[in-house]
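*Asks:* pasted the sequence and its predicted model underneath.
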Amino acid sequence: MTDSSTSSEAAPGVVRQSLLEAVAERVLLADGAMGTQLQQAGLEPGGCGEIWNVDNPDPVLAIQRAYVEAGSDCLLTNTFGACRIMLERHSFDDRVAEINGRGVAVAREAFGGRPGFVIGDIGPFGGLMEPYGDIAQDAVRDAFREQAAALVAAGADAVIIETQTSLEEITMGIAAAREAEAPCVIGSMAFDMNRNGKDVRTMMGVRVEQAAEVLQEAGADILAINCGTGIDMTWAARILQRYRSASDLPLMAQPNNGLPELVDMEVVYRQTPEGMLVGLDDVLEAGARIVGGCCGTTAAHIARFRTALDARAR
């Protein structure tokens with residue numbers, strides 16, 4: 001695999017469009033799942049998929065190329081668990097810059113010279129901060145700073161702080177991306193449907209409107225949702241509508257591909273591309289400028305989204 005980290009840059013003398021400029025003009029299509037796709041490629045349960053950026057990049061490249069072939073305009077880097085705190089659990093904490101830098105390079109290579117946006121992915125640090133947990137706030141802040149700096153230095157077009165349930169944690173991530181001078185900062189919360197199916201909150205009890213207000217104040221450029229228990233496209237639209245009531249920032253939605261099932265001790269997502277497509281119009285009407293999928297979403301689902309978006313744009 002060659003390093004083509006500049007393969008999607010504009011020709012000399014041409015100013016390349018930024019992600020924020022692009023979403024102001026048109027709806028962009030993001031990618032689908034990475035974790036579940038890596039598991040299908042042989043990643044063992046609990047393994048560190050992020051180290052594959054360096055030690056086994058071909059499956060990562062193949063997954064991302066499939067999304068590009070399906071029509072994705074944006075690729076999230078394979079760096080969800082690549083902050084120092086997460087990597088320390090696999091004894092890779094001395095390779096933060098290398099893993100994140102290669103994550104950006106692999107995603108850039110996947111575009112194969114086509115225009116496209118590489119979004120540097122920062123996931124949760126995987127624990128609870130003091131005083132509720134045993135991880136010092138300064139340690140989390142430093143870990144996010146280090147990861148954001150590595151992603152931006154490698155040329156990411158944006159940084160997303162995703163699958164977040166705590167306002168304290170996501171605002172640290174946004175601050176880190178801002179400090180690293182990321183061209184665009186996306187804050188993405190994971191909401192869960194409550195037991196009666198009538199409302200959603202994050203695992204830490206954060207309300208939708210509360211999240212929108214805090215993320216905008218913290219400096220996010222785009223408000224997003226991803227993952228979340230019971231959150232399909234229809235629910236994603238409802239959440240985006242509530243975001244819009246509290247903020248005028250661009251919106252992004254990447255819900256899961258339906259609910260997972262445990263089959264022979266393996267997590268399976270059964271929703272078809274057509275089934276996942278239900279509610280896409282509602283998501284777009286709610287103001288989404290970037291759409292894609294999270295856990296269980298495949299290139300086939302993204303290809304169906306591409307067809308629907310192109311038909312809508314005619």
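*Replies:* Alright, I've got the coordinates. Numbering: from 1, shown residues only.
*Asks:* going by C-alpha atoms from here, please, whenever you check contacts or count neighbours.
*Replies:* Fine.
*Asks:* send over the helix or strand where residue 85 lies as CSV, restricted to the C-alpha atoms.
*Replies:* Assigned by DSSP states H and E, residue 85 belongs to helix 84-88. Extracted in CSV, the C-alpha atoms of helix 84-88 (Å, rounded to 0.1, in the frame of the first residue of the first chain):
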residue,chain,number,x,y,z
ARG,A,84,-3.7,7.3,24.5
ILE,A,85,-6.0,6.0,27.3
MET,A,86,-7.7,3.5,25.0
LEU,A,87,-4.4,2.4,23.3
GLU,A,88,-2.7,1.9,26.6
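*Asks:* for the protein, where's the lowest mean pLDDT among helices and strands?
*Replies:* Least confident helix or strand of the chain, by mean pLDDT, DSSP states H and E, is strand 260-263 with a mean of 66.
*Asks:* ok, back up a step: and the helix holding residue 85, what does it pack onto?
*Replies:* Judged by 3 or more Cα pairs under 8 Å, 6 or more residues apart in numbering; DSSP states H and E, the packing partners of helix 84-88 are helix 137-153.
*Asks:* now do the helix it packs on: everything it contacts.
*Replies:* Helix 137-153 is contacted from outside by 82-85, 96-97, 100-101, 104, 120, 122, 125, 129-130, 158-159, 169, 172-173, 176-177, 179-182, using Cα atoms under 8 Å, 6 or more residues apart in numbering.
*Asks:* just the buried positions in it, please.
*Replies:* Across helix 137-153, burial judged by 16 or more other Cα atoms under 10 Å covers 137, 140-153.
*Asks:* swap in stretch 28-48?
*Replies:* Neighbour count says stretch 28-48 has 28-38, 48 buried, by 16+ other Cα under 10 Å.
*Asks:* now the end-to-end length of that stretch.
*Replies:* Across stretch 28-48, the terminal residues are separated by 29 Å (Cα to Cα, to the nearest Å).
*Asks:* and what of stretch 178-193?
*Replies:* 31 Å.
*Asks:* and what of stretch 158-170?
*Replies:* With Cα to Cα as the measure, the first residue of stretch 158-170 is 15 Å from its last.
*Asks:* just give me how far the helix holding residue 85 sits from the chain centre.
*Replies:* 19 Å (Cα atoms, centre = their mean, to the nearest Å).
*Asks:* what's the end-to-end length of stretch 198-213?
*Replies:* Note: stretch 198-213 ends 22 Å apart using Cα to Cα.
*Asks:* pLDDT of it, averaged?
*Replies:* In this model, stretch 198-213 has a mean pLDDT of 96.
*Asks:* now do the buried residues in that stretch.
*Replies:* 200-203, 206, 208-209, 211-212.
*Asks:* list of residues touching it?
*Replies:* 165-167, 189-194, 223, 239, 242-243, 245-247.
*Asks:* what's the local residue count around the residue lying closest to residue 124 once chain neighbours are set aside?
*Replies:* Excluding the flanking residues, the one nearest residue 124 by Cα to Cα, 6 or more residues apart in numbering is residue 164, at 6.2 Å. A count of neighbours around residue 164, defined by other Cα atoms under 10 Å, yields 27.
*Asks:* tell me the bridge partners for residue 164.
*Replies:* For residue 164, the beta-bridge partners are residue 189 (DSSP bridges).
*Asks:* where does the stretch 51-200 of the chain have low pLDDT?
*Replies:* The model of the stretch 51-200 of the chain has no residue with pLDDT under 70.
*Asks:* rewinding a little: closest to residue 307 among the buried residues of stretch 28-48?
*Replies:* residue 29 (10.7 Å; Cα to Cα).
*Asks:* tell me the contacts of that closest one?
*Replies:* 71-74, 290-292, 302, 305-306.
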